[in-house]
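Peer 1: What follows is a protein structure lacking sequence information:
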Ligand SMILES: O=c1ccn([C@@H]2O[C@H](COP(=O)(O)O)[C@@H](O)[C@H]2O)c(=O)[nH]1
């Protein structure tokens, strides 16, 4: 008997809306086999866990992008709370340190196969050399991303958030199974906005990104479902 493998959509749509009805109108046009959804700080703060549960109930894999950064005990309890929501992926800040990341990883072990993927943010895709220098980091973004990605791997996490510009370096250094989630994706000709380390969807996938986070180029488009379909077809 032939077994059908579960679809593994590469695009994670960042739902960054101040209005829940607007977000849900977009979600209704989407198919969980074609994309996953990302809920970040804006929508979680406005609409809370109930909003996340409604997306999970509608059949979507949800990346809860709250970037936890706190003492180990607090972060461990926060990722457990995320697991209880049934999300597919959750994240912490790698700069919270090795002990913090290990505590988060260990807190999810009782969930076994049901645990969400646990990843760590390295250097925000909005940041340049100059931004890093202003917060006391003298390394380049690529050096800092690699150093934090190694720490993340040592803590036992599943992967990192980085820019696609660092993807080929990280795949070569950390191996194929260490997942790379890359925001800062901009289809050719679209506005970079506040993002600085950007790549097109096609370049990002070729460089080794596992999942592409795309927000405004899809959500602000007149026909978001068509833009999603066009990007998926181009990959
Ligand atoms: O380094 C990071 C980490 C997270 N993000 C988030 O991704 C989306 C990107 O949205 P766009 O509209 O495509 O710029 C957004 O929710 C960020 O909070 C990131 O951009 N960079």
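Peer 2: It's in. Only a predicted model underlies this, so the values are computations on that prediction, with no experimental measurement involved. Numbering: from 1, shown residues only.

Peer 1: List, one by one, the residues from the chain near the ligand.
Peer 2: Counting by C-beta under 6 Å from any ligand atom, the positions of the chain adjacent to the ligand are 14, 16, 40, 121, 124-125, 161, 183-184, 193, 195, 213-216. (Each C-beta comes from the backbone N, C-alpha and C, glycine too.)

Peer 1: Now do the end-to-end distance for stretch 89-97.
Peer 2: The first and final residues of stretch 89-97 sit 19 Å from each other (C-alpha to C-alpha, to the nearest Å).

Peer 1: Please identify the residue of the protein positioned nearest to the ligand.
Peer 2: residue 215 (2.6 Å; C-beta to the nearest ligand atom).

Peer 1: Now do the contacts for the closest residue to that residue other than its chain neighbours.
Peer 2: Once flanking residues are discounted, residue 215 sits nearest to residue 14: 3.2 Å by C-beta to C-beta, 6 or more residues apart in numbering. Neighbouring residues of residue 14 by C-beta atoms under 8 Å, 6 or more residues apart in numbering: 38, 40, 65, 183, 213, 214, 215, 216, 219.

Peer 1: excluding its backbone neighbours, what's nearest the second one?
Peer 2: I take that to be residue 40. Nearest to residue 40 is residue 65, by C-beta to C-beta, 6+ apart, at 4.3 Å.

Peer 1: re the thing from before, how far does the host helix or strand of the residue nearest to residue 215 sit from its chain's centre?
Peer 2: Assigned by DSSP states H and E, residue 14 belongs to strand 11-15. Averaging C-alpha positions (C-alpha atoms, centre = their mean, to the nearest Å) puts strand 11-15 8 Å from its chain's average.

Peer 1: For beta bridges, what are the partners of the residue nearest to residue 215?
Peer 2: Applying DSSP bridges to residue 14 gives these bridge partners: residue 38.

Peer 1: Distance-wise, check it relative to residue 190.
Peer 2: Separation of residue 14 from residue 190 (C-beta to C-beta, to the nearest Å): 14 Å.

Peer 1: Tell me which helix or strand the nearest residue to residue 234 once chain neighbours are set aside sits in.
Peer 2: Excluding its sequence neighbours, the residue lying closest to residue 234 (C-beta to C-beta, 6+ apart) is residue 202, at 5.9 Å. Under the criterion of DSSP H and E, residue 202 resides in helix 201-207.

Peer 1: and what of residue 189?
Peer 2: Using DSSP H and E, residue 189 falls outside every helix and strand.

Peer 1: Any idea how many residues pack against it?
Peer 2: If you count neighbours by other C-beta atoms under 10 Å, residue 189 ends up with 7.
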